[in-house]
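Peer 1: Return atomic coordinates for the entry below.
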Amino acid sequence: MDVDELQESDGIPVQFHIGISVLRTQDLHDKCHWPLSHADSKPYIIRSYHWVVEDENYFSTHDNTFCFGKHKCLPLADLDKRLKKLLARCFPLILVVHGGHREITLLQKLNLSLNPIFTIDTTKAARYPLQAFYDFSLKRLLKEFNIPFTGEHLHIAGNDAHFTLRVLLMIAVSDVRRELGSKEVPAWVPVFDCPRCHSSVHKRQPGNEERRGLLSGWGGPNVVTRSQRRLGVDSATHR
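Peer 2: Presented below is the predicted three-dimensional model:
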């Protein structure tokens, strides 16, 4: 979850953008244990949303900023209902944030109860696997884990929510590889490692079919039409 473009009146949020990305652990389990043909039946296991709350005019000039679908405008009064509908099949729920103070404070101020059983902050979760003594920015973590991105599409709520989940998966991969060293890693590690795109992919601009495969299994409904071109950039962009 990520929140941007926040405006408040007397300390109460009245206008903002909220990004929600959903990753069901059952889908990860299926990719780890089902044959490939079955796993491919769920091509997009990270589903990302960008909701523009009480700010309908924003995207008149920023229409191409959300990489993983199409933004939706909604009134603040509908937010609670939309969240509950989206997350109805996602319980028990773990809330994943990067930093998270703004997001958690907004939920509290608007009395939005997601009731997560646990909250993971990727700024803290990344410290041990990366042997860091301070919090890394989302951009720095994307670079560390070689996850393709373009800087102009960070600080967009829907994009940041999506990338935060990708980072979380790579934190798990980095941690287990650090602990096991040269030992054989569990079967789930290559599945979690999918968000990382090796630099060889970016040596030339991919064609249409390659774009479909570049982030297959991790994107959103419209990722093929727009974000594949953006994320299929030269490796120098994210190194």
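Peer 1: mind listing the helices for this protein?
Peer 2: When assigned using DSSP state H, the helices of the chain occupy the ranges 25-33, 36-39, 79-86, 101-109, 122-125, 127-130, 138-144, 157-180, 188-192, 208-214, 227-231.
Peer 1: mind putting the ones you listed in a markdown table, distance to L93 and mean neighbour count included?
Peer 2: For glycine as for every other residue, the C-beta is placed from the backbone atoms N, C-alpha and C. Written out in a markdown table, the entries for the helices of the chain read as follows (distance: least, C-beta to C-beta, whole Å; neighbours: other C-beta atoms under 10 Å):
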| stretch | distance to L93 | mean neighbour count |
| --- | --- | --- |
| helix 25-33 | 11 | 14 |
| helix 36-39 | 23 | 10 |
| helix 79-86 | 11 | 14 |
| helix 101-109 | 12 | 15 |
| helix 122-125 | 17 | 18 |
| helix 127-130 | 24 | 16 |
| helix 138-144 | 21 | 19 |
| helix 157-180 | 13 | 22 |
| helix 188-192 | 20 | 17 |
| helix 208-214 | 29 | 14 |
| helix 227-231 | 26 | 21 |
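Peer 1: Mind putting those helices into CSV with mean pLDDT and distance to L95?
Peer 2: As requested, these are exported to CSV (pLDDT from 0 to 100; distance: least, C-beta to C-beta, whole Å):
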stretch, mean pLDDT, distance to L95
helix 25-33, 79, 14
helix 36-39, 48, 26
helix 79-86, 96, 12
helix 101-109, 96, 8
helix 122-125, 96, 11
helix 127-130, 93, 19
helix 138-144, 95, 16
helix 157-180, 92, 11
helix 188-192, 78, 19
helix 208-214, 33, 28
helix 227-231, 38, 24
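Peer 1: and the most centrally placed residue in the chain, what is it in contact with?
Peer 2: The chain has H162 as the residue nearest its centroid, 1.4 Å off, counting by C-alpha atoms, centre = their mean. Shown here is H162, whose contacts under the criterion C-beta atoms under 8 Å, 6 or more residues apart in numbering are 19, 21, 46, 48, 67-68, 220.
Peer 1: Looking at those residues, which is nearest G181?
Peer 2: Within the set of the contacts of H162, I46 lies nearest G181; the separation is 29.2 Å, counting by C-beta to C-beta.
Peer 1: Correct me if wrong: the closest one contacts L165.
Peer 2: Yes: using C-beta atoms under 8 Å as the test, I46 is close enough to L165 to be in contact (5.6 Å).
Peer 1: Find residues that contact each of the two.
Peer 2: Shared contacts of I46 and L165, counting by C-beta under 8 Å, 6+ apart, come down to 21, 23.
Peer 1: Leaving out chain neighbours, which residue sits closest to the residue nearest to the centre of the chain?
Peer 2: With C-beta to C-beta, 6 or more residues apart in numbering as the criterion, H162 has its nearest non-adjacent residue at 4.2 Å, and that residue is S48.
Peer 1: Quick check: beta-bridge partners of that neighbour?
Peer 2: S21 (DSSP bridges).
Peer 1: Hmm, it is touching G69, no?
Peer 2: Yes: at 5.9 Å, S48 and G69 qualify as touching, with contact defined as C-beta under 8 Å.
Peer 1: So between the two, which is more surrounded?
Peer 2: Neighbours per residue, other C-beta atoms under 10 Å: of S48 and G69, the larger number sits with S48, 29 against 21.
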